[in-house]
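**Q** Below are the sequence and a predicted model; questions follow.
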Amino acid sequence: MHNTFSAILGLIVTVCLAATISNAVASPPAKAAEDRYIAARDAAIEKVSAIYDAGNADDAARKAEEAANADLAAQMRVILNESTREGFGPAKLHIDTFSKSDEGFGTLDGLRFDALLGAKGRKAGQDGADGKYVEPRAHIVVTTQTLFERWLHAHKEWWNNNVKNVPQQIGAALKAESFYTQAVSSGSAVVNFNSLPIAKPAGASFAYGMLAGRTQSDIPNAADTVFVSAIANGKVYVAYGSIDPKVQVPACMAIRASYDKKAEQAEDDLRFEKIDRKAYNKLGNLRQKGEDEYKRCFTRNAPKQASFAEATRQAERLLSAALNRR
């Protein structure tokens, strides 16, 4: 009897030990799910990019992208387990293209919620009465900290050496205009005018608000967008949206206009040989000087505007929506 009991006890110990070793070797469920997502995403990128590179930008490419999007969106919903947001549409995969040659390639992995309304309360996602497409007024992107870190690592040298890449620490990245340009913006660079004094939500280990604008060339004359971000419960939340009213500082605009006028005069003087090339070069890049002075002036004076306080309130409401705490 004693021998039988000892044998059973030994068997139980052996089974438990084997289970312990197996669990120690196996990947945690969350990491395994993210690994599967990354592998599937990379395979989709290679497949779709090859179709486009072969000059077959037709039905085959479209079907391949739709299939990849559906599969990856389903995986991401399981990874994040995010509920819907009031005033926002259903979650979509935050990847617009799988083709390496597309301008919008390489955005942040996660789920995106688009606002149901656009400017002036019009229904977003369709053409308005004027025939122009109505953009959603705001967007929310959610991802995990570990997926965010993977994305940062992959974007360490995304641009060439002449352009500032995204910082490699999460907190620094969430304060950098280069991050928002690479991660969520499409077709235009993000300009960070000012940080916003938003309150950090309860339970968040990090929160940041930014008053911004977008540009494809010159710095805009007004800040018309806010970006907000937070880290909470192992997830990273990023949201951005248009603000009303825009934040403008007329005195700063006048400074840039003055530099632009000087630049035009210098160009005319060079063209009509009133000054030589050496004298012209000595003036430096007057337009760039004007832009730099404008931004410094804006950063210093924008917080004095009533519109700045309103932008801060709108940023806090957007962050609450991102964290689903409305």
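**A** Sure, I can see it.

**Q** Would you quantify the distance from Gly118 to Pro245?
**A** Between Gly118 and Pro245 the distance, using Cβ to Cβ, to the nearest Å, works out to 17 Å. No exception for glycine: its C-beta is placed from N, CA and C like everyone else's.

**Q** higher neighbour count, the two?
**A** Relative neighbour count places Gly118 above the other of Gly118 and Pro245, with 20 against 12, counting by other Cβ atoms under 10 Å.

**Q** Does that one touch Val134 like I think?
**A** Yes: applying Cβ atoms under 8 Å, one finds Gly118 in contact with Val134, separated by 3.9 Å.

**Q** what is in contact with those two at once?
**A** 124, 128 (Cβ atoms under 8 Å, 6 or more residues apart in numbering).

**Q** how about the nearest residue to Cys252, chain neighbours excluded?
**A** If you skip the residues right next to it in sequence, Cys252 has Cys297 as its closest partner in space, 3.7 Å away by Cβ to Cβ, 6 or more residues apart in numbering.

**Q** show me what contacts the one you found?
**A** Shown here is Cys297, whose contacts under the criterion Cβ under 8 Å, 6+ apart are 249, 251-252, 255.

**Q** Isn't Arg193 up against Leu211?
**A** You called it Arg, but residue 193 is Phe. Yes: taking Cβ under 8 Å as the contact criterion, Phe193 and Leu211 are neighbours in contact, 4.8 Å apart.

**Q** Just want to know which of the two has more residues nearby.
**A** Between Phe193 and Leu211, counting by other Cβ under 10 Å, Leu211 is the more crowded of the two (26 against 23).

**Q** tell me the SS of that one?
**A** What DSSP: H, G, I helix; E, B strand; the rest coil gives for Leu211 is strand.

**Q** Quick one: residues contacting it.
**A** Contacts of Leu211 were listed using Cβ under 8 Å, 6+ apart, and they are 192-196, 223, 225-226, 247, 302, 308, 311, 315.

**Q** List buried residues within those.
**A** Taking 16 or more other Cβ atoms under 10 Å as the criterion, what is buried in the contacts of Leu211 is 192-194, 196, 223, 225-226, 247, 302, 308, 311, 315.

**Q** Out of the residues you listed, list just those in helices.
**A** Here DSSP state H is the test, and the buried ones among the contacts of Leu211 give 308, 311, 315 as lying in helices.
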